[in-house]
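Sequence and computational prediction follow.
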Amino acid sequence: MELLLVDQDAPDPDAIARAAAQLRNGRLVAFPTETVYGLGANALDPSAVARIYRAKGRPSNNPLIVHVADVAGARRIVAEWPRIAEQLAARWWPGPLTIVLEKNASIPNSVTAGLTKVGVRVPAHPVALALLRAAGVPIAAPSANRANAVSPTTAQHVQNSLPDADVLVLDGGRCEVGIESTVLDLSGPVPTMLRPGGVSQAEIEHELGMPIRRVEASDDGDAGRPAPGMSKKHYAPRAKLVRIPHGDVGAMARAIDDARRAGELVAALAIGESVCAAAAPAACVAMPDDPHGYARWLYAELHAMDDRGMTRIVVEDVPPGTAWDGVRDRLARASA
């Protein structure tokens with residue numbers, strides 16, 4: 001593994017050119033996006049795509065999102081680009097929204113877990129966009145970490161999670177959104193959210209002026225998943241993550257006491273001051289009380305607790321409402 005520092009405000013052309021050449025030559029490049037760091041390969045090269053699965057230990061039934069530089073790049077890899085895709089892309093691209101449509105023959109089946117649909121997005125990060133433009137190919141990229149583990153939001157997280165991977169890492173700083181993109185399937189008659197993320201269900205419904213469907217995670221069978229991150233167990237730290245109800249001071253105190261009596265090294269995440277205080281004598285991180293701030297720091301705090309050797313993490317669940325769906329989804333799967 002090799003790391004190159006890249007100024008996100010003015011990406012170094014030489015570093016970008018080197019990473020682009022690595023991609024065109026079938027090798028892997030880890031790069032920052034606004035959501036999390038991605039482990040990228042040329043999406044048109046099946047052997048390069050296979051390197052992603054091997055490096056992560058990723059099941060072959062878990063598809064990859066394809067990153068492109070613009071709408072024109074998306075049109076080149078899908079069978080049809082409907083008006084609703086144009087509307088949503090105009091609103092959120094570049095940004096944390098992945099659109100799923102029927103793929104065309106240019107995209108190998110290994111990218112899509114053998115399915116006929118592909119997820120595509122334009123990332124909102126200067127380094128990612130510079131890399132896409134220089135490479136001249138679409139980049140298939142899941143999160144740059146071992147399968148089912150906590151996604152990386154810094155280059156150091158990538159190094160810690162994939163220390164033996166043959167990969168060039170572009171260090172472009174901390175990711176701003178902090179959790180993965182929303183995945184929205186537009187291939188059918190009703191838009192269907194396959195994974196909540198950086199764009200909320202309420203925001204999408206407001207933009208479209210219509211309700212959308214939701215599909216829940218499932219581990220049934222070996223068939224290809226319709227989108228990445230749909231397994232019930234995902235985004236999990238090494239420590240056991242235990243959730244307690246939002247605002248439940250007593251539940252926090254009991255969970256901490258149970259962990260300490262069991263000999264666990266325990267820490268906590270909470271929003272409310274009183275809930276955090278109830279975690280004493282365990283260390284508690286007071287998380288932001290807004291969904292965007294919470295999402296930005298969630299994975300970083302889970303990584304930090306793993307690095308400190310915690311064996312149990314008690315987390316106060318987040319408030320109700322669709323604005324919190326992305327964070328709630330990640331906590332639910334991390335604790336499954």
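Right, received. Where do you want to start?

Run through this protein and note the low-pLDDT ranges.
Where the chain drops to pLDDT under 70, the residues are 217-225, 229-230.

what's the distance between the residue of it most remote from its centre and residue 61?
What lies farthest from the middle of the chain is residue 261; by CA atoms, centre = their mean that is 34.6 Å. Note on residue 261: its distance to residue 61, by CB to CB, to the nearest Å, is 40 Å. All C-beta atoms are positioned from the backbone trio N, CA, C, and that covers glycine.

Repeat that for residue 116.
14 Å.

again with residue 296
Distance from residue 296 to residue 61, by CB to CB: 30 Å.

Next, count neighbours for the nearest residue to residue 70 once chain neighbours are set aside.
Closest residue in space to residue 70, ignoring its immediate chain neighbours: residue 122 at 6.1 Å, by CB to CB, 6 or more residues apart in numbering. When neighbours are counted by other CB atoms under 10 Å, residue 122 registers 23.

So residue 122 sits against residue 67, correct?
Yes: if you go by CB atoms under 8 Å, residue 122 and residue 67 touch, sitting 7.2 Å apart.

Contact partners for the most centrally placed residue in the chain?
Nearest to the geometric centre of the chain sits residue 180, at 2.7 Å (CA atoms, centre = their mean). Applying CB atoms under 8 Å, 6 or more residues apart in numbering to residue 180 gives the contacts 35-36, 96, 143, 151, 195, 197-198, 228-229.

How much space separates it from residue 35?
Note on residue 180: its distance to residue 35, by CB to CB, is 5 Å.

just so I have it, where are all the strands in the stretch 1-150 of the chain?
Ranges of strands in the stretch 1-150 of the chain, per DSSP state E, counting those that start in this stretch, are 2-5, 28-31, 38-42, 65-67, 97-102, 117-121, 139-140.

Distance to residue 188 added to these, as CSV?
Output for the strands of the stretch 1-150 of the chain, formatted as CSV (distance: least, CB to CB, whole Å):
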stretch, distance to residue 188
strand 2-5, 42
strand 28-31, 32
strand 38-42, 27
strand 65-67, 19
strand 97-102, 10
strand 117-121, 10
strand 139-140, 23
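
I'd guessed residue 335 sits against residue 244; true?
No: with contact defined as CB under 8 Å, residue 335 does not reach residue 244; the gap is 10.4 Å.

Tell me which of those two has more neighbours.
More crowded of residue 335 and residue 244, by other CB under 10 Å: residue 244, with 23 against 17.

Leaving out chain neighbours, which residue sits closest to the more buried one?
Of all residues not flanking residue 244 in the chain, residue 251 sits nearest, at 3.9 Å (CB to CB, 6+ apart).

SS state for that neighbour?
Of the three states, residue 251 takes helix under DSSP: H, G, I helix; E, B strand; the rest coil.

Please apply the same query to the one 3 residues further on.
Under three-state DSSP, the three-state class of residue 254 is helix.

Any figure for the gap between it and residue 239?
In terms of CB to CB, residue 254 sits 18 Å off from residue 239.

okay, those two: which has more neighbours?
Neighbour totals were compared for residue 254 and residue 239, and residue 239 leads with 21 against 14 (other CB under 10 Å).

can you point me to the longest helix in this protein?
Longest helix in the chain, counting residues (DSSP state H): helix 291-307.

Tell me which residues of that one come out buried.
Buried residues in helix 291-307, defined by neighbour count with 16 or more other CB atoms under 10 Å: 291-292, 294-303, 305-306.
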